[in-house]
Each structure stands twice: as structure tokens, then as C-alpha cells.
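Participant: sequence and predicted structure are below.
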Amino acid sequence: MQEKLIVGGGRPLRGTVQISGAKNSAVALIPAAILAESPVILDNLPHLSDVAIYSELLQELNAGVSRNEDQMNIDPTHLKLKEMPNGKVKLLRASYYMMGALLGRFGKAVIGLPGGCNFEPRPIDQHIKGFEALGATVSSENGAIRIEAKQLRGAKIYLDVVSVGATINIMLAAARAKGTTIIENAAKEPEIIDVATLLNAMGAKIKGAGTETIRIEGVESMHGTRHSIIPDRIQAGTYMVAAAATRGDVVIDNVIPKHMEAVTAKLQEMGVHVYEMDESIRVIGQPEYESIDVKALVYPGLATDLQSPMTSLLTQANGVSILTDYVYNNRFQHVPELQRMGAKIRVEGRSAIIEYSKLHAARVKAADLRAGAALFIAGLCVQDGYTEISGVEYIDRGYHRLVENLAALGAEVWRENALPKEKTAQG
Ligand code: EPZ
């Protein structure tokens, strides 16, 4: 049964929202745990469908996985290698981290090509380049990747593209390789530091995570530990944008303000009042906003995952804003849906030109996770009426307790079971 999100407009968000652990850390930390020979405890785990799928994947490998509230206990002591060419691995893109983790633990992995948000083809050639540099042979067979290595050996790897996934996947495979691996042109996102922190606590020897050069000295074995996941900077940024768009007054709690610097700067440039505290940020919306130019870049630039929420906000700025995504070539699936809500946006190449628009409610469809965020922010902006958003399953992949959080901030929002198509056709 398909579900819809119904979002009422015209109500400024007010209050405090607690941010959960980062999705883009969790989906790497969970597979990283299988490199240990004893139990790993992860705290501050977000309640997201991707996390649920990952715990099922680990159980298929005979790992003990138990959860209570925001803690996950992973016991990889009796882990068994299993080929995973199909099935749940296809449900999420980040399943590719199973390649590096299984390769690092067993010297072999057979993983079905990732699924998840498909706003454009998302190659994994840099991941494969890294595995081959470490001495693995990589072949593809009916939609799965087979990777094998008699002995992984440290290597110097230069990434042609700054890639979060490839940087993390190579770290996972190299952690227990023989010798030292250097990753040049590595991605610098906070999630990479989070994974390296866990791996080092498990006995790995990784230096330079968060810089463009990461040095990994392979170790024989790794052990369990306990680790708390960093806050989700994309979730936090989405609520900051929503607070500004509804001209509300919201405290976003449990964040690392330094991770939010780019979005804070852009909001302030528009005229939004943003105040940083030690572990929270307060966003106070204003009646008028200036148009601005926005570039989505690799960290520490503005995250590409925030460009679609920002697009909705920029329709509320006077004048014309230009938003360019330098990370993905065509991550604009939210634009046609926003246009159905009256947004005056045109896409030219990798840029969206956004004019002030009076938005109205409509029936729209989320095509990917962050496009869904753009739609619920737009729905909150309309002066009256209820926006119906289908594709809620995408939004659930990245926004922990979204309906509860928005409702607690005063929004009129709920989930509704969409009747199957044939039923609605009968009226
Ligand atoms: C991670 O995806 C995030 N996902 C994405 O968040 C995020 O948009 C992206 O990083 C960029 O910040 C997770 O962490 C699970 P990349 P990833 O490899 O690792 C190209 C969300 O909304 N590329 O950094 O897949 C690629 O096409 C998701 O939470 C290659 O060409 O992204 C893109 O243009 C969506 N070859 C650029 O690099 C490769 O082998 C950056 O991609 C790998 C990537």
C-alpha cells in the first residue's frame, strides 16, 4: 500500500527539534563493524529504513544484531561469508560498503549493484579502482560485482573524483591489508572522520581522515568497541531551511555547528537570522529574503544533499537566485514537482534559476530522498491548502521521525494511505 505525506501550509515552525545520528555515517559504520572479531556497540543510531535493511543484511551473514532505542549491538564473532548478488542489497545504494567490509574481513565479496536514489547514474568506478589497487580482482556478473583477493596489499590510490563512498570503501578494505595504503584526493566529509574514528577504536591505524590524504597502516586483526554516531548535518540543515522558509523560530538541537557552516552562511546571506550555540543552532525567519547564488560542492562547501531543500527556500527570496550543483550533473528531479506548485524555476545544465514564486498546494511525487525534502518544505510554505506528497518511502530513508518532529514544531502534517491506483480510478 503506497503512503502519502499530507502537508498543510501557512504555519511558521516554532520550537526545538532533536537531530538524530547521521544516516550517511550509520550506513557505513554498520558494515565497518564486521571487520572486528568481537562485538561493536553503536550509539545515537537514527531510526531509518536504510539502517533497518543493514541490520538484516548483517544477520544474513550470521552476525548477531540487536537494537534498543538508538543503540545497536553488532556481534560479528561468528560471521560467515555469504554471496549477496541479489535481495536486500539492491534496496539501498550504500550497500556497496559491504564490498569493502567483506573484502577486508574475508578477502572476498559478491554484492548486487546498489539501488537507492537514482537521480542520475551513480558509478562506482573509483571504488573498483581502489579495490584493484589493493590487489583484488573485480568482475561483474548479472548485475553483481565479484571481488576477490588472495592477500590485500597496501597501495597508493589517487581518486580521479572526490568520492565519499569510494574513500570510505577503500578505508574499509585497506584497514586489514598487508602494508600501508595512501588515499590521495580523498573526500573530507565529517562522515569519513566518523568511520575512521570507529575503525581506529577497533584497532585500525588510520591518519588524515577529513583531509585530502588518508594514510592507512594495515593491521592483522580488529576488536569490538563502542562508538557514538555524529549528528546528521543534512537532517539538521533541512530543518534550518524549513525554519527559514516558514519564517519560524526553531532551535535545532544535537548538532555540530561547524558541520553546518556552509548552510549557516548562505541563510545569513539571504537575511535569515542564525545563531550558533555549543551544540545547537537557532534559526529565526524574516519577512523578506534577498536572492543569492548557491554552489553545491564537496565538503566543506554547501552539501549537494541540501541543494533541493534550498531550492524550495529560494522561491521565497525576492529577485532571481542561481543554484549550481557541482557534485552531480542533474540532481533536479524536484524541479518539475515544484513547478506544479507554482515555482518559477528553470534548469540550465547543472544550474537552477529560481525566481520569487507564490506557491500553492498540489499533488506531487518525491523521486528521491532530498527531492522529497524539497517538497515538504515547499508544502509548508504555501499560504493555504494541503500538499499531497507520494513517494514517502524515499523520505523515510533519510528523515528520522519526520512527521512527529514537524508536528511538534506546529506544522499540520500527517501520513495517509494512498488508495491503490485502480481504486482511485473508480472515484
Ligand atoms: C554520498 O554518496 C552520500 N550517500 C550522498 O547522499 C551524497 O549526495 C554524496 O555522498 C555526495 O556528498 C551516502 O553517504 C550513503 P560520491 P556517494 O561518491 O558516496 C561521482 C543522500 O541524499 N562518482 O561522493 O555515492 C558521483 O557520480 C545521499 O543522503 C564517480 O564518478 O557519492 C558523483 O557525481 C544521496 N565514481 C560524485 O562522484 C565513483 O566511483 C560524488 O559522489 C563514485 C562517485
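Facilitator: On my side now, so go ahead.
Participant: the residue of the chain found nearest the ligand - how many residues pack around it?
Facilitator: The ligand sits closest to residue 165 of the chain, with a gap of 2.8 Å, by Cβ to the nearest ligand atom. Any C-beta I mention is one placed from the backbone N, CA and C, and that applies to glycine too. For residue 165, the number of neighbouring residues by other Cβ atoms under 10 Å comes to 22.
Participant: what's it in contact with, if anything?
Facilitator: Residue 165 sits next to 94, 96-97, 124, 126-127 when contact means Cβ atoms under 8 Å, 6 or more residues apart in numbering.
Participant: filter those residues by proximity to the ligand?
Facilitator: 94, 124, 126-127 (Cβ under 6 Å from any ligand atom).
Participant: a markdown table for those residues, including neighbour count?
Facilitator: Below are those laid out as a markdown table (neighbours: other Cβ atoms under 10 Å):
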| residue | neighbour count |
| --- | --- |
| 94 | 24 |
| 124 | 19 |
| 126 | 21 |
| 127 | 25 |
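Participant: which two in these are spaced the farthest apart?
Facilitator: 94 and 126 (15.2 Å; Cβ to Cβ).
Participant: picking up where we left off before, which of the ones next to the ligand among the contacts of residue 165 fall within strands?
Facilitator: Among those, no member falls in strands (DSSP state E).
Participant: tell me which element residue 307 is part of?
Facilitator: Here residue 307 sits within helix 307-314, counting by DSSP states H and E.
Participant: let me fix that: residue 405
Facilitator: Counting by DSSP H and E, residue 405 is part of helix 402-408.
Participant: what's in contact with whichever helix or strand comes after that helix?
Facilitator: As assigned by DSSP H and E, the chain's next helix or strand after helix 402-408 is strand 413-417. Residues from elsewhere that reach strand 413-417, judged by Cβ under 8 Å, 6+ apart: 1-8, 376, 379, 388, 392, 403, 406-407.
Participant: ok, 10 Å please
Facilitator: Residues lying outside strand 413-417 but in contact with it, judged by Cβ atoms under 10 Å, 6 or more residues apart in numbering, are 1-8, 11, 376, 379-380, 386-390, 392, 396, 402-407.
Participant: the chain against the ligand: which residues are in contact?
Facilitator: 23-24, 27, 94, 117, 122-127, 161, 163-166, 187, 234, 304-305, 327-328, 369-370, 398.
Participant: buried sites along the helix or strand encompassing residue 394?
Facilitator: Counting by DSSP H and E, the element that carries residue 394 is helix 392-395. Neighbour-count burial for helix 392-395 flags 392, 394-395 (criterion: 16 or more other Cβ atoms under 10 Å).
Participant: may I have that helix as PDB, with CA atoms only?
Facilitator: Output of helix 392-395 as PDB, limited to C-alpha atoms (Å, rounded to 0.1, in the frame of the first residue of the first chain):
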ATOM      1  CA  VAL A 392       7.100   8.900   1.200                       C
ATOM      2  CA  GLU A 393       9.300   5.700   1.300                       C
ATOM      3  CA  TYR A 394      12.100   7.800  -0.100                       C
ATOM      4  CA  ILE A 395      11.700  10.500   2.600                       C
END
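Participant: packing partners of it?
Facilitator: strand 3-8, helix 49-60, helix 369-381, helix 402-408 (3 or more Cβ pairs under 10 Å, 6 or more residues apart in numbering; DSSP states H and E).
Participant: try 8 Å
Facilitator: If you count contacts as 3 or more Cβ pairs under 8 Å, 6 or more residues apart in numbering; DSSP states H and E, helix 392-395 packs onto strand 3-8, helix 369-381.
Participant: state the pLDDT value of residue 117.
Facilitator: On the pLDDT scale, residue 117 is placed at 64.
Participant: likewise for residue 421?
Facilitator: Residue 421 is assigned 53 on the pLDDT scale.
Participant: what does residue 87 give?
Facilitator: 88.
Participant: start at 24, not 1
Facilitator: Yep, numbering from 24; the last one is residue 110 now.
Participant: for it, give me its contacts.
Facilitator: So residue 110 contacts 83, 135 (Cβ under 8 Å, 6+ apart).
Participant: how near is it to residue 76?
Facilitator: With the distance defined as Cβ to Cβ, to the nearest Å, residue 110 ends up 10 Å from residue 76.
Participant: ok, residue 351 next?
Facilitator: Where residue 76 is concerned, residue 351 sits at a distance of 23 Å (Cβ to Cβ).
Participant: so for those two, which residue has more residues nearby?
Facilitator: Neighbours per residue (other Cβ under 10 Å) separate residue 351 from residue 76, with residue 76 holding more: 19 against 15.
Participant: ok, and the helix or strand in the protein with the lowest average confidence?
Facilitator: Lowest on mean pLDDT, DSSP states H and E among the helices and strands of the chain sits helix 444-448, with a mean of 47.
Participant: what's the burial count for residue 254?
Facilitator: Neighbours of residue 254 (other Cβ under 10 Å): 24.
Participant: thought residue 44 was touching it, still the case?
Facilitator: Yes: between residue 254 and residue 44 there is a contact under Cβ atoms under 8 Å: 6.7 Å.
Participant: mind listing the shared neighbours of those two?
Facilitator: Common contacts of residue 254 and residue 44 (Cβ under 8 Å, 6+ apart): residue 67.
Participant: could you list the low-pLDDT ranges of this protein?
Facilitator: Residues of the chain meeting the criterion pLDDT under 70: 24, 137-142, 441-450.
Participant: repeat the analysis, applying 90 as the threshold.
Facilitator: Where the chain drops to pLDDT under 90, the residues are 24-25, 72, 109-111, 113-117, 136-146, 163-166, 407, 420, 423, 440-450.
Participant: so what's the most centrally placed residue in it closest to, chain neighbours aside?
Facilitator: For the chain, residue 47 is the residue whose C-alpha lies nearest the centre (Cα atoms, centre = their mean; 4.4 Å). Excluding its sequence neighbours, the residue lying closest to residue 47 (Cβ to Cβ, 6 or more residues apart in numbering) is residue 214, at 4.8 Å.
Participant: quick one: residue 298 is in a strand?
Facilitator: Yes: under DSSP: H, G, I helix; E, B strand; the rest coil, residue 298 sits within a strand.
Participant: just give me the neighbour total for the nearest residue to it once chain neighbours are set aside.
Facilitator: The shortest distance from residue 298 to any non-neighbouring residue, by Cβ to Cβ, 6+ apart, is to residue 305 (4.4 Å). By other Cβ under 10 Å, the residues close to residue 305 number 17.
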